[in-house]
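Colleague: fold the following.
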Amino acid sequence: MKKFGLIGAGGYAATYVNNFLPKKESGKIDFRGVVIRHPDKVPAMVERFNQAGVRIYPDKDSMYAENELDVVAIPSGIGSHCALTVDALEHGCNVIVEKPAAGSLAEVDRMIKEEKRTGKFVAVGFQHIHAPDIRKLKRMLVNGDFGKIRRTAVMGRWPRADKYYQRNNWVCKLRGANGEFIYDSPINNAFAHYLNLSLFLAGDGFEKSAHAAEMQSELYRARRGIETFDTCGVRLKTRPGQGCSVCSRTPVRKKSTPCSGSNAKKPWSPGRKKPAGRRNSRTGPSWGPGSTRPTERLKCSTCWSSARKADIPSCARCRSPGNRPSSSRTCTGTSKPWRSRKAISPSIRKTDNM
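Modeller: The predicted structure is shown next:
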């Protein structure tokens, strides 16, 4: 039976706990210990571990000293991924680390080097590529059911309230308190799954992903007080020549992954039975082929709700006739895309470690 350890119990680590504890109870894994530096902040988790008989350690060195673990899961902050992964490999452990793998390419290269040196594996938490519908779609693409792949595209729009930006001390940061690279952003964290999916679907083999040879990007910041960006468009050209486009925005909750082939287009939207896309939805970044712009949205000057179209004579909520254009934080779509959004400074856009 494989022996598992966990570093961290706050935030997204709860997902690992919810998977590990039932497997421990059913005898599928031996969950030996968890590292919690501040147990007073997660009393409910501490109680769960105590009831399940999982040992709690104040630091990773204590856990490694008492256990010979087979696998260590690291659902910690981005800035700590590289150091914790390398340390686990040096202790003879295989590693499951959350995405993104690290905050810089240099750190990822170091992790790959240590993985090869130790002979252990490092798995990054891109679990979506193992979903049954994705595996089925990938098999169809590899078999040529849609012809030759020409382009894959991802369009995602998720709302981010104040609570999202207050959940930790590294969200949308360039670097951590000790200078470690973070570069948290939609494309590097939340939407990294869908960039990875797009490259995976474009790969020429069932277990292969495509690799980017060229890249263009547009980065925008709508929210004040963040160091990176909350809106972006990325266009990649892969080595075999297919195109890959990623467009992420924050106001509306939606995500889809259409894949264009020479014979057909296959849309995929997680959790939905109907094909992705609506009449007024954008099918790609503004500079991508086949792109459309969203209908202008207005805000009611009385109740501040958003009307769906500019030609609605009155507010659908309070029936007031006083509609006015959206605030500067909302994309109007009447001129250039995201025209009211503040572009990120060139110094950040050209940083090598992005």
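Colleague: what is the neighbour count of Phe49?
Modeller: Phe49: 21 surrounding residues under other CB atoms under 10 Å. In this view, the C-beta of every residue, glycine as well, is placed from N, C-alpha and C.
Colleague: revised request: answer the last question for Lys120.
Modeller: 20.
Colleague: try Met215
Modeller: By other CB under 10 Å, 10 other residues sit near Met215.
Colleague: where's it relative to Lys116, distance?
Modeller: Using CB to CB, to the nearest Å, we find Met215 at a distance of 26 Å from Lys116.
Colleague: where's the nearest residue to Phe181 once chain neighbours are set aside, which helix or strand?
Modeller: Residue nearest to Phe181 in three dimensions, not counting chain neighbours: Gly103, with 3.3 Å by CB to CB, 6 or more residues apart in numbering. Using DSSP states H and E, Gly103 sits within no helix or strand.
Colleague: same check on Ala9?
Modeller: Short version, using DSSP H and E: Ala9 is in no helix or strand.
Colleague: what's around it, how many residues?
Modeller: 24.
Colleague: please apply the same query to Lys208.
Modeller: Neighbour number of Lys208 under other CB under 10 Å is 13.
Colleague: so it: helix, strand or coil?
Modeller: For Lys208, the assignment made with DSSP: H, G, I helix; E, B strand; the rest coil gives coil.
Colleague: how close does it sit to Thr231?
Modeller: Lys208 is 31 Å from Thr231, by CB to CB.
Colleague: check Glu25 too.
Modeller: For Glu25, the distance to Thr231 - CB to CB - is 43 Å.
Colleague: between the two, who's got more neighbours?
Modeller: More crowded of Glu25 and Thr231, by other CB under 10 Å: Thr231, with 26 against 12.
Colleague: for that one, list each beta-bridge partner.
Modeller: Tyr220 (DSSP bridges).
Colleague: model confidence for it, exactly?
Modeller: The model reports Thr231 with a pLDDT of 91.
Colleague: swap in Asn168?
Modeller: Asn168 is given a pLDDT of 87.
Colleague: shouldn't it be in contact with Gly11?
Modeller: Yes: Asn168 lies in contact with Gly11 (CB atoms under 8 Å); the separation is 6.6 Å.
Colleague: quick one: the helices in the chain?
Modeller: Along the chain, counting by DSSP state H, helices occupy 13-25, 43-52, 60-66, 81-90, 105-118, 132-142, 162-165, 192-202, 346-349.
Colleague: quick check: closest non-adjacent residue to Ile74.
Modeller: Using CB to CB, 6+ apart, the closest residue to Ile74 is Val97 (4.5 Å).
Colleague: might one say that that neighbour is in contact with Ala123?
Modeller: Yes: in this structure, Val97 is within contact of Ala123 by CB under 8 Å, at 7.4 Å.
Colleague: so these two - more neighbours on which side?
Modeller: Between Val97 and Ala123, counted using other CB under 10 Å, Val97 has the larger neighbour count: 24 against 13.
Colleague: what's near enough to touch that one?
Modeller: Each residue near Val97 by CB atoms under 8 Å, 6 or more residues apart in numbering is listed here: Ala73, Ile74, His81, Leu84, Thr85, Val122, Ala123, Val124, Gly125.
Colleague: adding pLDDT, write these out as JSON lines.
Modeller: Shown next, in JSON lines, are the contacts of Val97 (pLDDT from 0 to 100):
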{"residue": "Ala73", "pLDDT": "98"}
{"residue": "Ile74", "pLDDT": "98"}
{"residue": "His81", "pLDDT": "97"}
{"residue": "Leu84", "pLDDT": "97"}
{"residue": "Thr85", "pLDDT": "98"}
{"residue": "Val122", "pLDDT": "97"}
{"residue": "Ala123", "pLDDT": "96"}
{"residue": "Val124", "pLDDT": "96"}
{"residue": "Gly125", "pLDDT": "93"}
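Colleague: just the buried residues of these.
Modeller: Buried members of those, counted by 16 or more other CB atoms under 10 Å: Ala73, Ile74, His81, Leu84, Thr85, Val122, Val124, Gly125.
Colleague: I'd like those residues as a markdown table, with distance to Asn143 appended.
Modeller: Formatted as a markdown table, the buried ones among the contacts of Val97 follow (distance: CB to CB, whole Å):
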| residue | distance to Asn143 |
| --- | --- |
| Ala73 | 35 |
| Ile74 | 36 |
| His81 | 36 |
| Leu84 | 40 |
| Thr85 | 36 |
| Val122 | 31 |
| Val124 | 27 |
| Gly125 | 28 |
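Colleague: related to what we said a few turns ago, for Phe31, find the nearest of the helices of the chain.
Modeller: helix 13-25 (4.0 Å; CB to CB).
Colleague: give the buried residues for that closest one.
Modeller: For helix 13-25, by 16+ other CB under 10 Å, it's Ala13, Ala14, Tyr16, Val17, Phe20, Leu21, Lys24.
Colleague: ok, those vs His38, which is closest?
Modeller: Closest to His38, out of all of the buried residues of helix 13-25 and judged by CB to CB, is Ala13, at 12.7 Å.
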